[in-house]
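> quick one: sequence and predicted model below, then my questions.
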Amino acid sequence: MKLKVLMPLINKGKNYEVGDEINVADDKAQVFIDKGWASKEAKPKRETKELKKKSVETKDDATS
């Protein structure tokens, strides 16, 4: 199960920092959650969209 690390920890000899994703066996995942070491990734990462403006006439453009 994929979890999000809530505090720095070492699992199977690998260091993890806050916010890292970690794969844990399903039967062990609840232990990580109960101890407060990690949480389920509730929301998938979203991509943000750029807002695009229509071109705006500036003072320099108006005088040309």
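Alright, I've got the coordinates.
> identify the bridge partners of Gln2.
I think there's a mix-up here, since residue 2 is Lys and not Gln. When assigned by DSSP bridges, Lys2 has beta-bridge partners Asn23.
> give the contact list for it.
Applying CB atoms under 8 Å, 6 or more residues apart in numbering, we find Lys2 in contact with Glu21, Ile22, Asn23, Glu41. (C-beta placed from N, C-alpha, C; glycine too.)
> widest-spaced pair of those residues?
Asn23 and Glu41 (11.1 Å; CB to CB).
> flag the shaky bits of this protein, pLDDT-wise.
42-64 (pLDDT under 70).
> ranges for the strands of it?
For the chain, applying DSSP state E gives strands covering 2-5, 9-11, 14-16, 21-23, 38-40.
> dump those strands to CSV, plus distance to Val31.
Output for those, formatted as CSV (distance: least, CB to CB, whole Å):
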stretch, distance to Val31
strand 2-5, 11
strand 9-11, 11
strand 14-16, 15
strand 21-23, 13
strand 38-40, 10
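> of the ones you listed, which approaches Ala29 most closely?
Ranking these by proximity to Ala29 (CB to CB) places strand 2-5 first, at 6.0 Å.
> considering the contacts of Lys2, which possesses the most neighbours?
Highest neighbour count within the contacts of Lys2: Ile22, with 18 neighbours (other CB atoms under 10 Å).
> surely that one touches Val5?
Yes: between Ile22 and Val5 there is a contact under CB atoms under 8 Å: 5.6 Å.
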